[in-house]
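J.: Would you be able to build a 3D model of this:
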Amino acid sequence: MRWFTVKKSKNIPTRAAVSSRPVSIRCLLTCLFGKDVAALPDGRLSREPLADGVSPRQGKDSLGPTAAANSVAKLDHFIASNGTLYNQKFLPSALAGDNGLKNFSGMVRGYFDKKGMHVQFNVVNRDILIDAQKNPEKYRDLVVRVAGYSAQFVVLAKDVQDDIISRTEQTF
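T.: The predicted model follows:
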């Protein structure tokens, strides 16, 4: 629905007699804006964060990372004037060994071969992130990808931390 709205709103005149441009919403704003959005038909509850960028909403990428990447790659990434952002979170075990790296590199190559624009990854399990929330002094060096940038996990606002924790843990 968001992408449809963006496509339909392209170049709509504003009060200042300038055209609006579609943008992709970043994680910090999805947490903030989500607080003002009612429940959605896909099961998202009222006041929860919205999906960030062009990423599937947490838990909705249930057919695996390759299926999600193939879906996101179908979007017209060039209509968003600030680019697009796609997040994936992998369990460390998913990328272990030669087979894990082969699957991962094949998925990434396929995404860009299909004209995907930007993708970023976290390779960490939720138990570590939850422990980092409870014991930040033990995790000062834990760095995560947020939404187009990296940050120390323990200095992020709790709602942003919760959003990262709730991202689907992908495996092949």
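
J.: Residue nearest the middle of this structure, spatially speaking?
T.: residue 87 (3.4 Å; CA atoms, centre = their mean).

J.: Three-state assignment for the residue lying closest to that one once chain neighbours are set aside, please.
T.: Closest residue to residue 87 apart from its sequence neighbours, by CB to CB, 6 or more residues apart in numbering: residue 55 at 4.6 Å. Any C-beta I mention is one placed from the backbone N, CA and C, and that applies to glycine too. The assignment at residue 55 comes out as coil when based on DSSP: H, G, I helix; E, B strand; the rest coil.

J.: With the one 4 residues further on instead?
T.: Reduced to three states with three-state DSSP, the structure at residue 59 is coil.

J.: quick one: it and residue 169 touch, right?
T.: No: with contact defined as CB atoms under 8 Å, residue 59 does not reach residue 169; the gap is 10.3 Å.

J.: Looking at the two, which one has more neighbours?
T.: Between residue 59 and residue 169, residue 169 has the larger neighbour count (other CB atoms under 10 Å), namely 17 against 12.

J.: which residues touch that one?
T.: If you count contacts by CB atoms under 8 Å, 6 or more residues apart in numbering, residue 169 has them with 89, 90, 91, 125, 126.

J.: Name the residues linked to the residue nearest to the centre of the chain by a beta bridge.
T.: Beta bridges link residue 87 to residue 120 when assigned by DSSP bridges.

J.: Need the phi and psi values for residue 38.
T.: When read as degrees, to the nearest 10, the backbone of residue 38 gives phi -70, psi 180.

J.: Next: residue 58.
T.: Main-chain dihedrals, residue 58, degrees, to the nearest 10: phi -50, psi 130.

J.: Nearest spatial neighbour of it, chain-adjacent residues omitted?
T.: Using CB to CB, 6+ apart, the closest residue to residue 58 is residue 166 (4.4 Å).

J.: separation between that neighbour and residue 30?
T.: The span separating residue 166 from residue 30 equals 12 Å under the rule CB to CB, to the nearest Å.

J.: do residue 87 as well
T.: As defined by CB to CB, residue 87 lies at a distance of 11 Å from residue 30.

J.: which neighbours do these two share?
T.: Common contact partners of residue 87 and residue 30 (CB under 8 Å, 6+ apart): 52, 147.
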